[in-house]
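Asker: Take a look and give me a structure for this.
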Amino acid sequence: MKTARYILVVLLAFAITSCGRTHPEPTFVLIVRHAEKASDAEDSPLTEAGMQRAQALVGVAADAGADAIYTTQFKRNRDTAQPLAQRLGITPKELPVNLQAPGDYGQRLAKEILDKHSGQTVVVVGHGNTIASLVESLSGRPAQLGEIQYSDLFIINIAPSGRAKVIRAQYGAGTGGNNAMK
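Answerer: I've put the predicted structure just below:
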């Protein structure tokens with residue numbers, strides 16, 4: 001009888017403590033290429049179409065509940081993220097990249113996102129030559145993405161178990177002028 005009471009108390013205590021636990025949340029990462037740039041200059045601003053695409057990103061991502069936004073050091077990336085950051089009251093985090101030799105950029109950014117933003121939603125404004133390595137680093141699977149367009153939106157859902165799903169979608173108007181990959 002004492003043993004049964006002891007087991008009942010232990011089970012009840014376990015049940016009470018289990019009820020208070022929250023289940024880990026998935027991590028969502030929304031990845032876009034910077035919007036249309038005005039020139040091939042290294043630090044080119046956005047075109048009018050690029051500014052419109054940056055506004056379209058607000059319409060797509062504002063309700064996702066983003067906790068963080070990452071960009072590179074380039075004006076076109078910062079300008080693409082700016083309207084969304086302003087709407088959400090978030091200061092974008094800048095992780096510099098060498099566009100001629102991005103190296104392990106995707107792995108470094110993925111590690112930072114998973115270390116600092118697990119269970120959150122993160123928006124990344126990248127480049128045509130950094131997105132595939134980031135998608136691969138976050139999903140754990142080779143990313144065969146082909147040419148990255150300005151209108152591409154990659155949504156990565158990373159379950160607490162680490163298993164990831166990748167969705168490729170489109171946002172904004174048109175895809176004109178998408179030949180430059182950086």
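Asker: tell me, what residue is most central in this protein?
Answerer: In the chain, the centroid-proximal residue (Cα atoms, centre = their mean) is V29; its distance is 2.9 Å.
Asker: which residue packs closest to that one, ignoring adjacent ones?
Answerer: Distances taken as Cβ to Cβ, 6 or more residues apart in numbering place I156 nearest to V29, at 4.4 Å, with adjacent residues excluded. (C-beta placed from N, C-alpha, C; glycine too.)
Asker: pLDDT weak spots in this structure?
Answerer: 1-23, 175-182 (pLDDT under 70).
Asker: where exactly do the helices run in it?
Answerer: With helices called from DSSP state H, the chain shows them at 2-19, 48-61, 75-88, 105-116, 131-139.
Asker: The third one packs against which elements?
Answerer: In this case it means helix 75-88. If contacts are counted by 3 or more Cβ pairs under 8 Å, 6 or more residues apart in numbering; DSSP states H and E, helix 75-88 sits against helix 48-61, strand 68-71, strand 121-126.
Asker: same question, the fourth one
Answerer: In this structure, helix 105-116 makes packing contacts with strand 27-33, strand 68-71, strand 121-126, helix 131-139, judged by 3+ Cβ pairs under 8 Å, 6+ apart.
Asker: Quick one: work out the angle between that helix and strand 27-33.
Answerer: Here helix 105-116 points in a direction 150 degrees away from that of strand 27-33 (axes from the mean of the first three to the mean of the last three Cα atoms, to 10 degrees).
Asker: mind listing what the residue nearest to V29 touches?
Answerer: By Cβ atoms under 8 Å, 6 or more residues apart in numbering, the residues touching I156 are 28-31, 135, 138-139, 164-167.
Asker: Which of those residues sits closest to E147?
Answerer: Taking Cβ to Cβ as the measure, V135 is the one of these closest to E147, at 14.0 Å.
Asker: ok, the closest one - contacts?
Answerer: Shown in contact with V135 (Cβ under 8 Å, 6+ apart): 31, 106, 143, 145, 154, 156, 166.
Asker: hmm, try it at 6 Å
Answerer: By Cβ atoms under 6 Å, 6 or more residues apart in numbering, the contact set of V135 is 143, 154.
Asker: ditto for S133
Answerer: When contacts are counted by Cβ under 6 Å, 6+ apart, S133 touches G106.
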